[in-house]
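A.B. asks: Give me the fold of what follows.
(one chain, ligands or ions: 1)
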Amino acid sequence: MKITIVGSGYVGLVTGACFSEVGIDVECVDVDRNKIENLNKGIIPIYEPGLGEMITRNMDKGRLRFTTNIAKAVKGCDVIFICVGTPPDEDGSADLKYVIQVARDCGKYMDDYTLVVTKSTVPVGTSLKVKSAIKEELKKRNISIEFDIASNPEFLKEGAAIEDFLKPDRIVVGADSTRAEELLRNLYKPFTLNGHPIIVMDVVSAEMTKYAANSMLATKISFINDIANLCEIVGADINNVRNGIGSDGRIGNKFIYPGIGYGGSCFPKDVQALIKTGKEYNYDLQVLKAVEAVNKKQKAVLYNKILNYFNGDLKDKTIAIWGLSFKPQTDDMREAPSLEIVNSLLKAGANVKAYDPVAINEAKHHFGDSISYYSDQYEALIDADCLAVLTEWSEFKIPNFKIVQKLLNSPVVFDGRNIYDKSEMLKMGFDYICIGINT
Ligand code: UGA
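C.D. replies: Got it, this is the predicted structure:
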């Protein structure tokens, strides 16, 4: 079996690498020449644990290749995965121009039966548009070639994507023919052999499943953040409440950690896009609108706590920041809460000294030289008036608190991820402010 992956971004690279890892012949395509040249030299454009090694290993074995030539890559392959981006346009709906362009290229260049699978997160109904675009191109060529379309959404978490692909909670396949279903069942066999389930359904339901999954997860986060804020007001402790509710199997203890709002390239975009889909069909998704509103508010919570602590005046205060990426194990800063927090601090006249294990280069694109960057977490604390933890990287969890105390002008810690124990922090003499616990 030979497969082609179009789009060598985060999803395309992980998909291509993991399929080649189990011995499948994979060609990855991208329009970005520079990116492809780099990949051919073994330079990986994103930070994802284990990905670089997997790519070079399979390139060396000759079963993973990178090209900009889509015509050649489409010809003679059995399955094409569309993994290009769907950036949100101004009104929050997903921009499908790249997806449809790839569908057109498939129709232009396919020379035998091909299965075209949409993996990019696309609004309900897109796969049918993919089908029409392919049909149109075949018609222009005045040729009749059999093809199928399918939807195969991904559920990869950044930072754990390889593990998620190799040992999936589930694989969702939306197929509109038995041939397409069988092809995908075969392709995924190496990943389902150990009991990881493959769930086959119609194409529209598969498209909807992706949005419903991310929206449900985003709902859990906004819900717990709302409860955390109320806990502070009534004098309850969100950590106790979280443990108390999470032990009910129906609720579950995963994904109910309060914080400074969800970020990343998926939740904000997908929640917005689903609200938009509802609107298009005249259905008001009230819960999701609230999820979005709570998240927006939550991104300001830590900044307001810092502002209040310093009596509304941050002019010339120096704030040390640990963590800039939207979550640990990634350098991704898209929609990261740190963006809003740092910008608010700067606007209020504060100085910002930042450390992140991998996101510093990314941060420079956003903040330029308006903040200072450090390659050592403790160095960022020197002469700072407080520390704010914005990402729960493991290396922040048990720091040398004596050094932290010594380096800060005064021992004040704002913990946006609740990674420290309040009573221990108070015992050590810190002023400690976190989320959902009145301190
Ligand atoms: C998310 C989903 O978890 C994946 O299943 C999905 O495939 C992916 O989107 C996608 O659509 O491509 P990801 O964006 O990588 O994955 O990140 P998550 O680990 O889900 O975290 C999202 C945000 O929620 C982060 O900002 C994180 O800090 C926040 N979060 C997560 C919380 O605030 N509390 C929690 O308990 C969990």
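A.B. asks: contacts and neighbour counts: CA atoms only from here.
C.D. replies: Noted.
A.B. asks: Show me the shaky parts of the protein.
C.D. replies: Along the chain, the model assigns pLDDT under 70 to residues 92.
A.B. asks: if you set the cut-off to 80 instead, what comes out?
C.D. replies: By pLDDT under 80, the low-scoring segments of the chain are 88-93, 439.
A.B. asks: and it, which residues reach the ligand?
C.D. replies: Applying C-alpha under 6 Å from any ligand atom, we find that the chain lies next to the ligand at 154-158, 214, 221, 255-259, 261-267, 326-327.
A.B. asks: Angles on the backbone of residue 133, please.
C.D. replies: Per-residue torsions, residue 133: phi -60, psi -40 (degrees, to the nearest 10).
A.B. asks: show me what contacts it?
C.D. replies: By C-alpha atoms under 8 Å, 6 or more residues apart in numbering, the residues touching residue 133 are 100, 103, 104, 107.
A.B. asks: swap in residue 307?
C.D. replies: Taking C-alpha under 8 Å, 6+ apart as the test, what residue 307 contacts is 313, 314.
A.B. asks: Please enumerate the helices of the stretch 151-300 of the chain.
C.D. replies: Ranges of helices in the stretch 151-300 of the chain, per DSSP state H, counting those that start in this stretch, are 161-166, 178-187, 189-192, 203-234, 238-246, 267-280, 286-298.
A.B. asks: so which residue of the stretch 1-150 of the chain comes closest to the ligand?
C.D. replies: Using C-alpha to the nearest ligand atom, the single residue of the stretch 1-150 of the chain nearest to the ligand is residue 121, 7.1 Å away.
A.B. asks: For that residue, which non-adjacent residue is spatially closest?
C.D. replies: residue 153 (6.4 Å; C-alpha to C-alpha, 6 or more residues apart in numbering).
A.B. asks: So that neighbour is in contact with residue 124, correct?
C.D. replies: No. Contact between residue 153 and residue 124 fails when scored by C-alpha atoms under 8 Å: they sit 11.6 Å apart.
A.B. asks: where do the contact lists of those two overlap?
C.D. replies: Shared contacts of residue 153 and residue 124, counting by C-alpha under 8 Å, 6+ apart, come down to residue 207.
A.B. asks: between the two, who's got more neighbours?
C.D. replies: More crowded of residue 153 and residue 124, by other C-alpha atoms under 10 Å: residue 153, with 23 against 19.
A.B. asks: re earlier: since we're on the residue of the stretch 1-150 of the chain closest to the ligand, how many residues are nearby?
C.D. replies: Residue 121 has 28 nearby residues by other C-alpha under 10 Å.
A.B. asks: How much space separates it from residue 384?
C.D. replies: Distance from residue 121 to residue 384, counting by C-alpha to C-alpha, to the nearest Å: 42 Å.
A.B. asks: and what of residue 278?
C.D. replies: Noted for residue 278: a distance of 47 Å to residue 384, by C-alpha to C-alpha.
A.B. asks: neighbour count winner among the two?
C.D. replies: A count of neighbours by other C-alpha under 10 Å puts residue 384 above the other of residue 278 and residue 384, at 22 against 14.
A.B. asks: Please check the residues of the chain next to the ligand and keep the buried ones.
C.D. replies: The neighbour-count test (16 or more other C-alpha atoms under 10 Å) marks 154-156, 158, 214, 221, 256-259, 261-267, 326-327 as buried among the residues of the chain next to the ligand.
A.B. asks: for residue 195, what are its contacts?
C.D. replies: No residues are in contact with residue 195 under the rule C-alpha under 8 Å, 6+ apart.
A.B. asks: Within the helices and strands, which one has residue 73?
C.D. replies: Applying DSSP states H and E as the criterion places residue 73 in helix 70-74.
A.B. asks: the domain parsing of the protein - what is it?
C.D. replies: Following automatic domain parsing, one gets these domains for the chain: 2-200, 211-297, 299-433.
A.B. asks: Let me have these in CSV, extended by distance to residue 439.
C.D. replies: Putting the domains of the chain into CSV (distance: least, C-alpha to C-alpha, whole Å) gives the following:
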stretch, distance to residue 439
domain 2-200, 32
domain 211-297, 8
domain 299-433, 6
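A.B. asks: picking that back up, I'd like the helices of the stretch 151-300 of the chain as a markdown table, with distance to residue 12 appended.
C.D. replies: Shown next, in a markdown table, are these (distance: least, C-alpha to C-alpha, whole Å):
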| stretch | distance to residue 12 |
| --- | --- |
| helix 161-166 | 11 |
| helix 178-187 | 16 |
| helix 189-192 | 17 |
| helix 203-234 | 17 |
| helix 238-246 | 34 |
| helix 267-280 | 18 |
| helix 286-298 | 28 |
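A.B. asks: Any idea which of the ones you listed gets closest to residue 24?
C.D. replies: helix 178-187 (8.5 Å; C-alpha to C-alpha).
A.B. asks: who does that closest one touch, helix- and strand-wise?
C.D. replies: In terms of contacts (3 or more C-alpha pairs under 8 Å, 6 or more residues apart in numbering; DSSP states H and E), helix 178-187 is packed against strand 147-151, strand 171-175.
A.B. asks: Contacts made by stretch 206-223 with the rest, please.
C.D. replies: Contacts for stretch 206-223 (C-alpha under 8 Å, 6+ apart): 121-125, 151-155, 172-174, 255-258, 261-262, 266-267, 270-271, 274, 287-288, 291-292, 294-295.
A.B. asks: Off-centre distance for it?
C.D. replies: 13 Å (C-alpha atoms, centre = their mean, to the nearest Å).
A.B. asks: got a list of what residue 393 touches?
C.D. replies: 323, 327, 328, 329.
A.B. asks: Relative to the ligand, which of the residues you listed is nearest.
C.D. replies: residue 327 (4.8 Å).
A.B. asks: what about stretch 324-337, how long is it end to end?
C.D. replies: OK, stretch 324-337 end separation, C-alpha to C-alpha: 8 Å.
A.B. asks: what about the strands in the stretch 251-400 of the chain?
C.D. replies: Along the stretch 251-400 of the chain, counting by DSSP state E, counting those that start in this stretch, strands occupy 318-322, 351-355, 372-374, 386-389.
A.B. asks: now these in CSV, with mean neighbour count?
C.D. replies: Shown next, in CSV, are the strands of the stretch 251-400 of the chain (neighbours: other C-alpha atoms under 10 Å):
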stretch, mean neighbour count
strand 318-322, 26
strand 351-355, 23
strand 372-374, 18
strand 386-389, 24
